[in-house]
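Participant: no FASTA, just this:
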């Protein structure tokens with residue numbers, strides 16, 4: 001390696017993107033939801049957890065809100 005590319009004297013610094021890394025979480029999802037995303041992930045050729053993350057990220061970007069309407073008891 002040429003001397004101008006010698007990185008041994010560089011000072012370490014913190015990763016500026018560390019705050020943007022993914023956060024591990026534990027979620028309880030129904031089997032049918034997991035199977036749905038696993039099948040879609042197989043078709044798309046991506047890991048299913050990445051697909052779920054992409055879907056949720058799209059929901060955030062589109063400012064989607066969940067509409068919950070409880071049915072009245074008979």
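Facilitator: It's in. Computed from a predicted structure; not experimentally measured. Numbering: from 1, shown residues only.
Participant: What residue, apart from its backbone neighbours, is nearest the residue positioned nearest the centre of the chain spatially?
Facilitator: For the chain, residue 53 is the residue whose C-alpha lies nearest the centre (Cα atoms, centre = their mean; 3.2 Å). Counting by Cβ to Cβ, 6 or more residues apart in numbering, the nearest residue to residue 53 once its immediate chain neighbours are dropped is residue 22, at 7.2 Å. Using the backbone N, CA and C atoms, a C-beta is placed for each residue, glycine as well.
Participant: Report pLDDT for that neighbour.
Facilitator: The model reports residue 22 with a pLDDT of 85.
Participant: And it, how close does it get to residue 54?
Facilitator: Residue 22 is 12 Å from residue 54, where distance means Cβ to Cβ, to the nearest Å.
Participant: swap in residue 68?
Facilitator: 24 Å.
Participant: who has more neighbours, residue 22 and residue 54?
Facilitator: residue 54 (13 against 8; other Cβ atoms under 10 Å).
Participant: tell me the contacts of the more buried one?
Facilitator: If a contact means Cβ atoms under 8 Å, 6 or more residues apart in numbering, then residue 54 has residue 46 as its contacts.
Participant: mind listing the helices for this protein?
Facilitator: Listed in chain order, the helices of the chain (DSSP state H) span 31-44, 48-61.
Participant: Mind listing what's buried along the first one?
Facilitator: In terms of neighbour count (16 or more other Cβ atoms under 10 Å), helix 31-44 has its buried residues at 37, 41.
Participant: where does the protein dip in pLDDT?
Facilitator: For the chain, the stretches with pLDDT under 70 are 1-3.
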